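**Q** Sequence plus predicted model, see below.
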Amino acid sequence: MSVITLTIDGQAIAIEEGATLLEAAQEVGAAIPTLCHLKGLSPVGACRLCVVEVEGIPKLLPACVTAAAEGMVVHTNTDNLQDYRRTIVELFFAEGNHVCAVCVANNNCELQDAAISTGMTHVTYPYQYPQREVDVSHPQFGLDRNRCILCTRCVRACDELEGAHVWDIAYRGEHAKLIAGLDQPWGTVDACTSCGKCVDACPTGAIFRRGATVAEMERDRAKLEFLAQAREEQQWTR
Amino acid sequence: MSKTVVIDPVTRIEGHAKISIFLDDQGEVENARFHVVEFRGFEKFCEGRPMWEMAGITARICGICPVSHLLASAKTGDKLLAVQVPPAGEKLRRMMNLAQIIQSHALSFFHLSSPDFLLGWDSDPATRNVFGLMAADPDLARAGIRLRQFGQTVIELLGARKIHAAWAVPGGVRSPLSEEGRAWIRDRLPESLDTIQTALALFKDLLDRFSEEVASFGQFDSLFMGLVSPTGEWEHYGGHLRFVDSQGNIIADGLREEDYQDFLGEAVENWSYLKFPYYKPLGYPDGIYRVGPLARLNVCEFMGTEGANRELQEFRQRAGGRCATSSFFYHYARLIEILAGVEEIARLVDDPDIASDRCRAKADINALEGVGVSEAPRGTLFHHYNVDKDGLIQKVNLIIATGQNNLAMNKTVTQIAQHYIHGPEIPEGLLNRVEAGIRAFDPCLSCSTHALGKMPLQVQLFDRDRNLIAQVQRD
Ligand code: SF4
Ligand code: SF4
Ligand code: FES
C-alpha cells in the first residue's frame, strides 16, 4: 500500500493513500470539529463544520470527505475557519428550535459542544422558529424534529449497520425533514426493529428514549463503533 | 406565499406594579386597584411538547419558586402515567417542597419584609433593605441568609442543582438523597431550628406594636383554601383541598384537584391581565378566597410536628379566633411554616426510604388528562394537562398562587388607601405601606424580584370624575 506525505498545521505526516484529511489531522492531533461524521458510517459531508484550508485551492474543503493527497499543505485552525465554523453552528441554531435548558440532550449534545468549541456566544442570524412535528408514536423512542440538524447519522446507522433503512430525508431546502418509512408515524413503520442504533447515533436531542426528561439522554457511541468495526472486519464473534 | 403574523398584545412581565386609587365626592377612598401584567405565554408554547418535558419547562416559569412548578408538573405526570409514586419518591419530593418553602419564606421574611418591621415603615427606603438590616442587626441578617441557604442547599443536594432542577419526574424522582447529603442536613438542622425560633420570638414581640398594621393591612373576611391531610393535618404536597370561612367553619372539604373547575371560577376584569379566581358556589366577587401560608394555617386543624403545632395554637390565640383574617399575619404564618419545614425535614432525614433508589415508577401514557396540585410557598398551584395518546401536550392550564390572591391583594390595597388617604393628597409613607401590604402576600411578580426595599411602584389618585389629581412614583 502506498504512503503519501503532506503537511498539516506545519507538521509533516505520512499516511496511507486513501485516508481522508480528517483522519490525517487526527493522526497529528489537530482537533477538527465534526457533526455529521460518525466513525464507522460512510461519510457524507453534510454539515460542513469540518472545513479546512488547503494551500493553492481557493475554496474550503470538508475534511471528512476529502482524500489526503501528496504534498498538500493544510491548515485546520485559522481565524477564517473559526469564523466559518461559528457561522455554521449559528445557522443550525437559527434554523431549528433549540431550547437547551429543557432539552433531553442538554449537557450531552454535540451541537452544544460545537457551539462551545467554536466560541459561539449568541446567534447573529434571525431565528426562523419553524413549525416542526414531534413524533412519539414509537413505543420506546421519540423524534423531535425541532432539534434535528439533518446530519443523516440516523439514516446511515439504520441503513448501514442495522440494514433496516427506516429513515430518509424528504423534501428540499428549508422544508427538508427526516421521515420514517414513507413519511408515516415512526411507530407504524414495520421495518423498524427497535434496535436503538439511531438513538445512539443522533448527535443532538432530536432522537431520544421515550420518557427521557431534561438532560437525561446519554448515548452509547462506543457500542456503535464496536458494531461498525465488527461489520467491517467481519468479526461477528468475539 | 402569504403569512399572517399575529402579535399578542402583551407577553412580557411589567416591571412596575401600578395602583389606581379612586376618591368619592367627599374625597374619601372609594376603591383602589392593583394592576398586574402577567406572563401567560407558557401555556401556549407547551402545546405539542412531549409530556415528559413539562416539569423542566414549567420549572422555568418562575425563578423564585421553580420547585413548586416542578412538583405540580410531576404530580400531573403521575396521573398521565396512572402510576402510584413509590414511598421513597413521595418522601423525597416532600423534602424538596419543604426546603423550597423554607428558602422562599426566609427570603420573604429576612430579606424583604423584616427591614420594614425592624427599621420602621417610615425609615429611609435607601437603607430599608437587607443591607440596612445587616448594619442594624448583623446577627439576625446573617442567620436569615444562612437559613435560606439551608433550604437552597437541601434542594441542591436532592436535585443536583439549586434551581431549575429537573429532578422530580412523572412517576417519582430521579435519585435518592446521598449519605453525604443526609449528613450535611443533620449537621445544619440545629442551627436552622435555632434561627427560626429566634425569628419567631422576635416577630411575636413586635406584633404587639403593630396593631395599626394588623388592623389595616388587609384585615377582612374571606374564604381560605389549601391542602389538608385526611386527618386535618397541615399539608403542602398531598391530601385534599379544603375551604374554610373567616370563623373557621369548613365550607367545603375533601375536594379533589381533578374537580377544580367545579369549584373555582375565573373572572376577568378589563383593567388587569391577571384573572380573578373565586369560589364558584359563592359567585364573583363574594367567592373571594386567600391562599398561601395564612390560608394553610387557617384550613388545617393541627401541624404535624410538635413545635410548629404549639406555635399554631399561639397564632390562633393572637389572631383572636380559629382563623387569622389580617393579611399581616401572612408573615407570622410564614415563620411557623419554616419551623414546620425544619422539624419535618429533621424527621424525614432519618427515614430509611430517603436513601432508597426505588423512587421512580416507570410507565407509558395511560390517561389523557391529568390535574396535579401542590402547595407552593405562595399558595396552591394547579397544573392541568391534556395529552394525545402518545403523550404530546394538547392543552395546558395553570392556576398560580399569586393569581388566586389577586382579589385579596386588591382588597388589601384598598383598605390601606382608605386608612391612610383622606383628601386629594397622597401622604408621605403611603408608598411604603402599600408596598408592605402587597408584600405581605409575597407575590411572585417581577416586583418581588425587584426586592431590596425598592419595589418599583406607581400610585395614581383620581377624583370621582376619573381625573388624575395626584401621582407618586418610585422606580
Ligand atoms: S439538541 Fe443540543 S443544541 Fe439543540 S436544544 Fe438540545 S442540547 Fe441544545
Ligand atoms: S435525527 Fe439526529 S441523527 Fe437523524 S438527522 Fe436529525 S440530528 Fe441527525
Ligand atoms: S463532519 Fe465533515 S461535513 Fe460534517
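**A** Arrived safely, thanks for sending. Ligands and ions are numbered 1, 2, ... in the order given.
**Q** show me what contacts the residue in the stretch 101-250 of chain B positioned nearest to chain A?
**A** Closest residue of the stretch 101-250 of chain B to chain A, Cβ to the nearest Cβ: residue B:166 (3.6 Å). In short, each C-beta sits where N, CA and C put it, glycine included. Neighbour list for residue B:166: A:102, A:213-216, B:55-56, B:59, B:70, B:159, B:174 [criterion: Cβ atoms under 8 Å, 6 or more residues apart in numbering or on different chains].
**Q** which non-adjacent residue is nearest it?
**A** In space, and not counting its chain neighbours, residue B:166 is closest to residue A:214: 3.6 Å by Cβ to Cβ, 6 or more residues apart in numbering or on different chains.
**Q** Against residue B:52, how distant is the one you found?
**A** 9 Å (Cβ to Cβ, to the nearest Å).
**Q** quick one: low-confidence parts of the chain?
**A** Since no chain was named, I'll use chain A. Under the criterion of pLDDT under 70, the regions of chain A flagged as low confidence span A:1, A:236-238.
**Q** Sorry, I should have been clearer: chain B.
**A** B:1-17, B:36-41, B:61-64, B:121, B:125-130, B:161-165, B:273, B:444-456, B:474-475.
**Q** Return the distance of the closest residue to residue B:235 other than its chain neighbours relative to residue B:233.
**A** Nearest non-adjacent residue to residue B:235, counting by Cβ to Cβ, 6+ apart: residue B:227, 4.0 Å away. Distance from residue B:227 to residue B:233, counting by Cβ to Cβ: 10 Å.
**Q** tell me, what's touching those two both at once?
**A** Counting by Cβ under 8 Å, 6+ apart, the residues touching both residue B:227 and residue B:233 are residue B:239.
**Q** Taking the centroid of chain A, which residue is nearest it?
**A** Chain A has residue A:36 as the residue nearest its centroid, 2.1 Å off, counting by Cα atoms, centre = their mean.
**Q** what helix or strand does that one sit in?
**A** Using DSSP states H and E, residue A:36 falls within no helix or strand.
**Q** Tell me who's in contact with it.
**A** Here residue A:36 is in contact with A:43-47, A:49, A:64, A:151-153 (criterion: Cβ under 8 Å, 6+ apart).
**Q** For ChimeraX, write the selection for the buried entries among those.
**A** A single ChimeraX command selects the buried members of the contacts of residue A:36 (16 or more other Cβ atoms under 10 Å in any protein chain shown):
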select /A:43,44,46,47,49,64,151,152,153
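**Q** can you narrow the contacts of residue A:36 to ones near ligand 2?
**A** Intersecting the contacts of residue A:36 with the contacts of ligand 2 gives A:151-153 (criterion: Cβ under 6 Å from any ligand atom).
**Q** contacting residues around the closest residue to residue A:189 other than its chain neighbours?
**A** Leaving out its chain neighbours, the residue that sits closest to residue A:189 by Cβ to Cβ, 6+ apart is residue A:181, at 3.7 Å. Contacts for residue A:181 (Cβ under 8 Å, 6+ apart) come out as A:166, A:188-192.
**Q** For burial, what's the neighbour tally of residue 28?
**A** Let's take chain A. By other Cβ atoms under 10 Å in any protein chain shown, the residues close to residue A:28 number 17.
**Q** that answer is for a different chain, and I need it for chain B
**A** Residue B:28 has 12 neighbouring residues, counting by other Cβ under 10 Å.
**Q** my guess is it contacts residue B:417, does it?
**A** No - Residue B:28 lies out of contact with residue B:417 (Cβ atoms under 8 Å); the separation is 9.8 Å.
**Q** what's around the residue lying closest to residue A:50 once chain neighbours are set aside, how many residues?
**A** Spatial nearest neighbour of residue A:50, excluding adjacent residues (Cβ to Cβ, 6+ apart): residue A:63 at 4.3 Å. Residue A:63 has 29 neighbours, counted by other Cβ under 10 Å.
**Q** residue contacts, residue A:63?
**A** Residue A:63 touches A:20-22, A:25, A:32, A:50-52, A:76, counting by Cβ under 8 Å, 6+ apart.
**Q** From residue B:268, how far off is the residue nearest to residue A:189?
**A** From residue A:181 to residue B:268 the distance is 47 Å (Cβ to Cβ).
**Q** Then residue B:245?
**A** In terms of Cβ to Cβ, residue B:245 sits 25 Å off from residue B:268.
**Q** now residue B:114
**A** From residue B:114 to residue B:268 the distance is 36 Å (Cβ to Cβ).
**Q** do residue B:72 as well
**A** 23 Å.
**Q** Who has more neighbours out of the two?
**A** Between residue B:72 and residue B:268, residue B:72 has the larger neighbour count (other Cβ under 10 Å), namely 32 against 10.
**Q** tell me the SS of the residue of chain A found nearest chain B?
**A** The minimum distance from chain A to chain B, using Cβ to the nearest Cβ, falls at residue A:214 (3.5 Å). Residue A:214 falls in the coil class when you classify it by DSSP: H, G, I helix; E, B strand; the rest coil.
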